[in-house]
Each structure stands twice: as C-alpha cells, then as structure tokens.
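>>> Quick one, structure for this:
(chains A, B, C and D)
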Number of protein chains: 2
Amino acid sequence: MTVVQEQLDSTFAALADPTRRAIVVRLARGDATVTELAAPFAMTLPGISKHLKVLERCGLISRTRHAQFRPCHLERAALDSAASWIEENRRIWTERFDKLGEHLRDLRATSAQAEPVQSEPAQEQPAQE
Amino acid sequence: MTVVQEQLDSTFAALADPTRRAIVVRLARGDATVTELAAPFAMTLPGISKHLKVLERCGLISRTRHAQFRPCHLERAALDSAASWIEENRRIWTERFDKLGEHLRDLRATSAQAEPVQSEPAQEQPAQE
DNA sequence: CTCGTAGTTAACTTGACAGCTAACTAACTA
DNA sequence: TAGTTAGTTAGCTGTCAAGTTAACTACGAG
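Down below sits the predicted model:
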C-alpha cells in the first residue's frame, strides 16, 4: 500500500462523514475556532474535537494556537489530490467513449464489408451476446 | 439528513477503500466481469462481490446479466457528484483568497491612515493575536 | 441429467469508528 | 490565588464494515 493510496483512503473516508463535510464547507469560507465549528451541531465538543483530528490527520485542515483558541484552517492540498483522482478517472472514462464514437464511425464508413459488430471496445471481456 | 447528503456519504465511503478505487480505475477502461475484477487481488470472490455491491448501492457502477456473467459498468453520475462537491468548495476557498488579495490591495492604497491590520478576512473569529 | 463455471448469500470474527460522560490541561481574568 | 473559558484525553458502548468459509443459485456444455 503506497503512501498516496493511504492519503486517498483517509481523505475520502474523512469526506464520507456529513459532519466533517459541513466543517469543511464552513472552513472554505474562513478559519474558525473549535467552538464556532461545533455551534451548528447537536453534538458535544469532544465529538467535534475527534472529527477535527480526523480532518487534520488526512491533511484537510491544519491548526495553530492563539491563546486558548485553536483556529482551524482548510488546507487545499488534500482536497486537490482527492479531486485529481476523480478527474483522472473521469478523463479515462470520457476518452474511452470518444474512441468508441470514432470506432463506430469507422465501422459505418466500411460497413459494405459487414464485419460482425461489437457493442463495446471489449478488451478481455467475455463475448457480449 | 437529505438524500444528497446520503449519496455523498456513500460515494465518498465507497472511494475510501483502495480495493474499490482499483476496481473503479479498472472499469474506467472498460466493462469487466466479477472474476476479471477479482483477478488482481489477494481476496476471495465473496469479498469482491461485497465491494461491488457497495459500489452499486452508491450508484458508482451498474450490473447487467449475460448468461452466467454479470458485467460491471462504471456510471459517471456518482463520480460527477463527488467531484462537484469538492470543486464547489475549492471554488469558495479560491474566491476567498482572491478577495483577501483585493482587501490587502485596498489597505495598501489607504495605508496613510494606518488602521490596525487584520491578517485574515476574519468574520466571526476571535481576535487573532 | 450431471458436471463445471460464474457469482451470490449466510453466518461469523475482527477491527475501526461515532458518540457519550467525566476528567484533565492550558491560557486568560479578576 | 481562584475562577472561567477553550479545548483535549481517556474510557466506555453500540454500530457498522471488511474479510473469511461454507453453502447455495443460475446458466451452459456434454
């Protein structure tokens, strides 16, 4: 398991919780203290504290100290790597369908020879019908 | 808890597992059967079957039947909604820093009056230092 | 009809995680 | 110094998810 994989694991896992997503949404609009972040939720402070630790461990947020306050700050990098993973796969998916489009055009162009038509690019798939 | 929230919960949770992400990567390149998907992993078939059910329940994949095969197909919609959520928050984050840039420019423009400078846009935050 | 192939379901174990309360640390305030 | 505010740590409980094996369904081939 590579370090990149673990980073994605923990980032996606962090984003899978609605409370933590709401915290990220709030922090996108500006830094906030733990008590401020906790305010909208029917949850004890230790609960919020745990969520923040999860967000911190995957790098989604960072924390500093100002007197007795620990303002939380959204870090863009982790959000970026999660977005990149998804984008990469959407790109591959899209390219495949672009190629399928070309393929179908080619087939139509040479359809006089009438080869049997595959319904998909079909690499190592079992026969599709 | 809205239905959108639940959709995001389950999608991010699905993507938090490295095996499931690998399955998504594979399926981005083309449909595949359960046995094909299982091949790269040191895991029993029921294990893979469970992962596929998770991916199916959050809408990341769909499955059809061809004889005794159940080819899996990557569905773009769920991937899109996860990407959208991240993008939206990156956008807000970015805009905030654009505004911060403007703010600092304004401050410099009127710096003759020398008001005490805040280091952040600072909405409802406690005094920073 | 029997056998092999493809895959799922059931039942169980293990481990992680969300939430709580209670108790603690750290810093400011009077 | 004592009290207040901000937040964390520890310990507990309940739930859920990942993986296993064993047994089952569904389809096609001989």
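>>> quick check: longest helix of chain A.
What stands out as the longest helix in chain A, according to DSSP state H, is helix A:76-109.
>>> B:Phe69 versus the residue nearest the centre of chain A, what's the distance?
In chain A, the residue lying closest to the centroid (CA atoms, centre = their mean) is A:Ala82, at 3.9 Å. Distance of A:Ala82 to B:Phe69, given as CB to CB, to the nearest Å: 33 Å. No exception for glycine: its C-beta is placed from N, CA and C like everyone else's.
>>> Give me the local confidence score for A:Gln5.
For A:Gln5, the pLDDT comes out at 90.
>>> repeat for A:Glu129
Per-residue pLDDT puts A:Glu129 at 29.
>>> again, but for A:Gly101
Per-residue pLDDT puts A:Gly101 at 78.
>>> what does A:Leu45 give?
pLDDT, A:Leu45: 98.
>>> residue ranges for the helices of chain A, please.
Here chain A has its helices, by DSSP H, at A:3-15, A:18-28, A:34-38, A:45-57, A:76-109.
>>> starting at the chain centroid, how far to the third one?
Relative to its parent chain, helix A:34-38 has a centroid offset of 25 Å by CA atoms, centre = their mean, to the nearest Å.
>>> so what does it touch, helix or strand wise?
helix A:18-28, helix A:45-57 (3 or more CB pairs under 8 Å, 6 or more residues apart in numbering or on different chains; DSSP states H and E).
>>> OK, contacts around A:Gln5?
By CB atoms under 8 Å, 6 or more residues apart in numbering or on different chains, the contact set of A:Gln5 is B:Pro18, B:Arg21.
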